[in-house]
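[1] next come a sequence and a model predicted from it.
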Amino acid sequence: MPSVEFLRDIVVLDNAKTRPYRAAVERRKVDEILLETYTRHWYARDWLSKPPVTSNATGGTGQLPKRDPLYEKVAIVIGASSGIGAATATALAREGSRGPRCLTSRCSRGSEEAHRRSRRSETARWRSTPKASCLSFTVPFLLSCWKGHIVAISSDAGRKVFPGLGVYSARKFFVEATLQALRLETSGSGLRVSSFQPGNVATDLLGMSTDAEALKKYGEPSGDKVLDPEDVANAIVYALTQPEHVAVNEILTEHRDEPI
């Protein structure tokens, strides 16, 4: 118990000015309707296993709240610091893809230990956006869960070779072939594999290129409205929120005035 000296040092606030307003506030009567309201709230929070047996209170019959499409799903986005990755992470969080905690990690594609740390996450389902070299770490875990969705960002250059971008296109063709093989070889396992093939996107990717010829050919502003990272992220959310039996294998997304 607190001592007398302690109680004497407590600051007492004067409520004389607020007392008239408090007197005018109607106090709710503790009755069956109020208890039903509380019980409905507790049920909606999963604190009770059954809803209230009556439905006399205002506000409905105590149904569970509508969940976001990706409620309680866990997403691991590789490359989420900028561009399409950052937009995708934001979009997934907006749709309810979050857990009791958020884990972030700095790692490279070759960091096996980083992937192992991620695999020790207390999740039953994974949704990953990996580079092709990360598949060897994520696929075995997903197969063991009989559920999961791998999403990879490819390019429209993975469908058509652009002059001056032969090496880049070859890399993207490799990504497409890898994903197609994975899709076929894991058929029936519960795993879904989606490839997203965006065209020109307003990111810093071109600024990282050292190919002067390609930059001159493709890096000059054309005046057209190109894709924003959020446009690609929205397409990814569409694929992830389809029913479990629906597989969105490929999505080609380009700005309207430059179709291939």
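    Arrived safely, thanks for sending.
[2] show me where the stretch 101-250 of the chain has helices.
    Ranges of helices within the stretch 101-250 of the chain are 112-119, 135-145, 166-185, 212-218, 229-240, based on DSSP state H, counting those that start in this stretch.
[3] where in the stretch 1-150 of the chain is pLDDT low?
    Residues of the stretch 1-150 of the chain meeting the criterion pLDDT under 70: 58-67, 97-133.
[4] number of nearby residues for Ala233?
    Ala233 has 22 neighbouring residues, counting by other C-beta atoms under 10 Å. Placement of C-beta: from N, CA and C, glycine included.
[5] just name the most buried of the helices of the stretch 101-250 of the chain.
    helix 229-240 (a mean of 20; mean count of other C-beta atoms under 10 Å).
[6] show me what that helix is packed against.
    Under the contact criterion of 3 or more C-beta pairs under 8 Å, 6 or more residues apart in numbering; DSSP states H and E, helix 229-240 touches helix 83-94, strand 148-153, strand 191-198, strand 250-253.
[7] swap the cut-off to 10 Å and go again
    Using 3 or more C-beta pairs under 10 Å, 6 or more residues apart in numbering; DSSP states H and E as the contact criterion, the neighbours of helix 229-240 among helices and strands are strand 75-77, helix 83-94, strand 127-129, strand 148-153, strand 191-198, strand 250-253.
[8] nearest to Thr54 among these would be which one?
    When the helices and strands packed on helix 229-240 are ranked by proximity to Thr54, the top entry is helix 83-94, at 36.1 Å, counting by C-beta to C-beta.
[9] now do the buried residues in that closest one.
    With burial defined by 16 or more other C-beta atoms under 10 Å, the residues of helix 83-94 counted as buried are Gly83, Ile84, Gly85, Ala86, Ala87, Thr88, Ala89, Ala91, Leu92.
[10] I'd like to know how far the last one sits from Leu142.
    In this structure, Leu92 lies at 17 Å from Leu142, with C-beta to C-beta, to the nearest Å as the measure.
[11] likewise for the third one?
    Between Gly85 and Leu142 the computed distance is 20 Å (C-beta to C-beta).
[12] run the chain-centre distance for stretch 85-101.
    Centre-to-centre, stretch 85-101 and its host chain are 3 Å apart (C-alpha atoms, centre = their mean, to the nearest Å).
[13] stretch 6-15 now?
    That offset, for stretch 6-15, works out to 49 Å (C-alpha atoms, centre = their mean).
[14] domain assignment for this protein?
    As recorded under automatic domain parsing, the domains making up the chain are 17-66, 75-253.
[15] any idea which of the ones you listed gets closest to Arg8?
    domain 17-66 (24.0 Å).
[16] centroid residue for this protein?
    The chain has Leu92 as the residue nearest its centroid, 2.1 Å off, counting by C-alpha atoms, centre = their mean.
[17] any idea how far the nearest residue to it once chain neighbours are set aside is from Leu35?
    Leaving aside its chain neighbours, Leu92 sits nearest to Ala75 (4.5 Å; criterion: C-beta to C-beta, 6 or more residues apart in numbering). Summarising the geometry, the distance separating Ala75 from Leu35, computed by C-beta to C-beta, is 40 Å.
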